[in-house]
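S.K.: Let me see the structure of the following:
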Amino acid sequence: MRRKTGFAITAGLATLLITAGIFFWLVWLSPWTYQRPASLPEVSPGPHQVFVYGTLRHASVRWIVYGRSGSPSAATLEGYERNDLDLIRARGASVEGLVLTVDRRELKRLDRYERLGIRYSRERVELGDGQQAWVYQRLDD
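M.R.: Residues are numbered from 1 along each chain as shown. Okay, the predicted model is just below:
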């Protein structure tokens with residue numbers, strides 16, 4: 001009896017992980033669930049700096065989203081505070097995060113992950129050290 005219970009738990013966990021993987025791929029990575037709005041400008045070539053403060057701080061998420069973990073550096077965005085996975089302007093506040101350096105293809109993958117033009121906009125900000133970077137800002141509902 002104990003053997004059957006262990007197998008059932010293992011099979012259940014495997015099913016859960018596979019289902020979660022399929023869901024993650026469909027929602028954030030598949031070409032069928034995001035259509036870049038035509039009104040958005042094309043992504044320019046060259047390196048891009050992106051300030052991240054949420055899930056993209058984790059190397060495993062970056063690896064899944066754009067294919068490598070990169071070599072991010074610590075950064076601070078002043079004049080904002082974090083509200084769950086969103087940023088809100090707040091005088092005297094700051095948000096700790098990372099700066100990623102990505103190429104055009106990787107930035108497009110980040111845009112897909114963040115649902116650019118649907119869920120988030122991508123805006124230029126100046127970080128605490130004076131460096132310019134993109135940051136994803138939640139669009140109004």
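
S.K.: Grab the most central residue of the chain for me.
M.R.: Leu56 (4.6 Å; Cα atoms, centre = their mean).

S.K.: Verify the stated contact: that residue with Leu110.
M.R.: Yes - using Cβ atoms under 8 Å as the test, Leu56 is close enough to Leu110 to be in contact (7.5 Å). To be clear about C-beta, it is placed using only N, CA and C from the backbone, and glycine gets the same treatment.

S.K.: Overlap of the contact sets of those two?
M.R.: Common contacts of Leu56 and Leu110 (Cβ atoms under 8 Å, 6 or more residues apart in numbering): Val50, Val65.

S.K.: need the contact list for the residue nearest to the centre of the chain.
M.R.: Taking Cβ under 8 Å, 6+ apart, one finds Val50, Arg62, Val65, Leu98, Leu100, Leu110, Tyr113 in contact with Leu56.

S.K.: ok, so of those, who is nearest Leu16?
M.R.: Val65 (21.6 Å; Cβ to Cβ).

S.K.: Not counting its neighbours along the chain, what's nearest that closest one?
M.R.: In space, and not counting its chain neighbours, Val65 is closest to Tyr113: 4.7 Å by Cβ to Cβ, 6 or more residues apart in numbering.

S.K.: Just the C-alphas of stretch 45-59, formatted as PDB.
M.R.: Only the C-alpha atoms of stretch 45-59 are listed here, as PDB (Å, rounded to 0.1, in the frame of the first residue of the first chain):
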ATOM      1  CA  PRO A  45      20.000  47.100 -32.800                       C
ATOM      2  CA  GLY A  46      22.800  47.200 -30.300                       C
ATOM      3  CA  PRO A  47      23.100  46.700 -26.600                       C
ATOM      4  CA  HIS A  48      20.300  47.800 -24.300                       C
ATOM      5  CA  GLN A  49      20.300  48.300 -20.500                       C
ATOM      6  CA  VAL A  50      17.200  47.100 -18.700                       C
ATOM      7  CA  PHE A  51      16.500  47.700 -15.000                       C
ATOM      8  CA  VAL A  52      14.700  44.800 -13.400                       C
ATOM      9  CA  TYR A  53      13.300  44.600  -9.900                       C
ATOM     10  CA  GLY A  54      10.900  41.600  -9.800                       C
ATOM     11  CA  THR A  55      11.000  38.100 -11.200                       C
ATOM     12  CA  LEU A  56      13.800  38.900 -13.700                       C
ATOM     13  CA  ARG A  57      16.200  39.300 -10.800                       C
ATOM     14  CA  HIS A  58      16.400  35.500 -10.700                       C
ATOM     15  CA  ALA A  59      18.900  34.000 -13.000                       C
END
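
S.K.: Cool, thanks, talk later.
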